[in-house]
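[1] have a look at this prediction, sequence included:
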Amino acid sequence: MKIRYKKKRLRINLLIVIAWGILVVLTAFFISQRRWTDYVNIVLFFFYTINYIYEYKNQYLTIADDIITKNLLFQTKKMNFNEITQIKKFAGDYILKTSQKELTINTQLIDSDSLVDLNAALEQLELPADRTPFARAV
């Protein structure tokens with residue numbers, strides 16, 4: 001199951017890619033003398049393009065085979081559901097903890113439909129009531 005980014009984030013990233021692309025094309029055709037900043041613009045255009053394609057294809061989180069994976073461009077963080085000992089909810093973020101590492105999930109970036117799926121997946125973990133933010137008061 002993929003936990004998707006908000007559509008607004010993906011649209012803004014696409015607009016940034018288009019803006020950098022227009023800047024690179026205009027610079028290539030209308031400026032005869034090259035400066036070092038022109039090459040920086042080309043590098044930034046390719047970086048933002050690769051970042052947009054990666055985020056669009058992989059999305060924010062992937063949950064498969066009891067492993068939750070946070071997909072980042074230069075780093076992928078994985079955590080096994082069986083190893084999670086605590087889930088903290090702090091300032092709109094979920095902090096999943098094991099005995100050795102932490103995984104922070106920014107819920108502000110997640111699409112509302114996917115957030116429901118994420119909450120359902122996290123509720124299925126069998127943690128003690130005092131260790132999960134989903135515990136209901138009796």
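    Received the coordinates, thanks.
[2] for the rest of this, base every contact and every neighbour count on C-alpha atoms.
    Will do.
[3] and the helices in this protein?
    7-30, 36-58, 112-123 (DSSP state H).
[4] do you know which of those helices lies nearest residue 90?
    Closest to residue 90 of those, according to C-alpha to C-alpha: helix 112-123, at 14.6 Å.
[5] what's in contact with that closest one?
    Helix 112-123 has contacts (C-alpha atoms under 8 Å, 6 or more residues apart in numbering) with 2-4, 6, 107, 134.
[6] mind listing what's buried in it?
    114-115, 118, 122 (16 or more other C-alpha atoms under 10 Å).
[7] most centrally placed residue in the chain?
    Taking C-alpha atoms, centre = their mean as the criterion, residue 60 is the residue nearest the geometric centre of the chain, at 3.4 Å.
[8] I'd guessed that one sits against residue 73; true?
    No - using C-alpha atoms under 8 Å, residue 60 makes no contact with residue 73, being 10.3 Å away.
[9] quick one: residue 91 from residue 120, how far?
    From residue 91 across to residue 120, the span is 20 Å (C-alpha to C-alpha, to the nearest Å).
[10] for residue 16, give me its contacts.
    Residue 16 touches residue 48, counting by C-alpha under 8 Å, 6+ apart.
[11] just name the shakiest helix or strand of this protein by mean pLDDT.
    Lowest on mean pLDDT, DSSP states H and E among the helices and strands of the chain sits strand 86-90, with a mean of 88.
[12] just checking, what packs against that one?
    strand 93-97 (3 or more C-alpha pairs under 8 Å, 6 or more residues apart in numbering; DSSP states H and E).
[13] residue 8: neighbour count?
    Neighbour count for residue 8, taken as other C-alpha atoms under 10 Å: 11.
[14] let me know the pLDDT of it.
    On the pLDDT scale, residue 8 is placed at 96.
[15] quick one, which of the helices of the chain gets closest to residue 84.
    Per C-alpha to C-alpha, nearest to residue 84 of these: helix 112-123, 10.1 Å.
[16] wait, residue 51 sits on residue 72?
    No - the criterion here is C-alpha under 8 Å, and residue 51 misses it with residue 72 at 9.0 Å.
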